[in-house]
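Student: I need the structure of the sequence given here:
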Amino acid sequence: MALQCLVFDCDGVILDSVPVKTRAFARLAQPFGDEARDRFVMYHTVHGGVSRYKKFQWFFREVLGREISDEESADWGRRFAEYALDEVRRCPLIPGVADVLETWRGRLPLYVCSGAPAEELRMVLHERGLERYFTGIYGSPPAKALLLAEIVRVAGVLPDHVLMVGDAVTDRDAAESVGTLFYGVGAELKGGDFPWGADLAGLSAWIAARV
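Tutor: Residues are numbered from 1 along each chain as shown. Just a heads-up that it's a prediction; the model follows:
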């Protein structure tokens with residue numbers, strides 16, 4: 001079926017910001033020791049696309065053995081943003097994404113569907129001059145599958161006319177849950193039963209063959 005809508009994750013798909021955020025998670029956990037830090041980084045790496053606040057909850061419950069308080073969650077969120085945002089504002093774009101956005105803006109509706117907090121996501125994309133490409137920008141909460149379902153509803157198209165572009169298992173699972181097509185980006189998703197690229201260099205041609 002012909003593609004009618006494109007949806008992009010942000011970290012690792014639009015911005016090459018995954019290493020920046022990994023360093024921020026590591027810095028938060030470092031005061032609890034190297035083992036705690038390494039466990040947190042591994043959890044973050046395996047659960048790309050999950051809200052950072054869910055990751056904080058996991059760290060306190062599984063590593064520290066207690067629940068995180070609302071005050072601690074807010075403090076960790078503030079410090080995470082402090083550690084990461086300056087670098088995210090300057091980090092490179094993923095190769096190929098500028099061409100994809102320029103090629104398909106005005107031809108198909110383009111959306112962002114990210115696990116990053118919505119307000120922060122919009123601010124970063126605005127500062128990077130990327131906000132203008134998108135019909136809508138959606139961040140957490142809620143979870144990514146619910147965000148993607150809402151984008152499909154707002155776009156007014158059938159799920160199998162929508163392409164979700166993501167770099168994490170969370171993105172793939174959201175696409176499967178909602179019933180959209182999926183295009184994988186980056187090493188984590190290589191070898192799946194879906195179209196894939198190391199970056200977005202080949203994505204425009206792939207889309208062009210399906211509109």
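
Student: for the lengthiest strand in the chain, what is the average pLDDT?
Tutor: The single longest strand within the chain, with elements called by DSSP state E, is strand 110-117. Averaged across strand 110-117, pLDDT comes to 96.

Student: residues near the residue nearest to residue 60 when sequence neighbours are not counted, how many?
Tutor: Nearest non-adjacent residue to residue 60, counting by Cβ to Cβ, 6 or more residues apart in numbering: residue 68, 3.9 Å away. C-beta here means a position set from N, CA and C on the backbone, and glycine is covered the same way. A total of 18 residues lie near residue 68 under the criterion other Cβ atoms under 10 Å.

Student: Could I get the contacting residues of residue 68?
Tutor: 56-57, 59-61, 76 (Cβ atoms under 8 Å, 6 or more residues apart in numbering).

Student: what two of those are the furthest from one another?
Tutor: Using Cβ to Cβ, the pair of these lying farthest apart is 61 and 76, separated by 13.5 Å.

Student: hmm, back to that, strand partners of the longest strand of the chain, parallel vs antiparallel please.
Tutor: For strand 110-117, the paired strands and their directions (DSSP bridges) are strand 5-8 (parallel), strand 136-140 (parallel).

Student: More neighbours: which of residue 61 and residue 76?
Tutor: Set residue 61 next to residue 76 and count neighbours by other Cβ under 10 Å: residue 76 wins out with 21 against 12.

Student: Of the strands paired with strand 110-117, which is nearest residue 124?
Tutor: Proximity to residue 124 (Cβ to Cβ) singles out strand 136-140 among these, at 9.9 Å.
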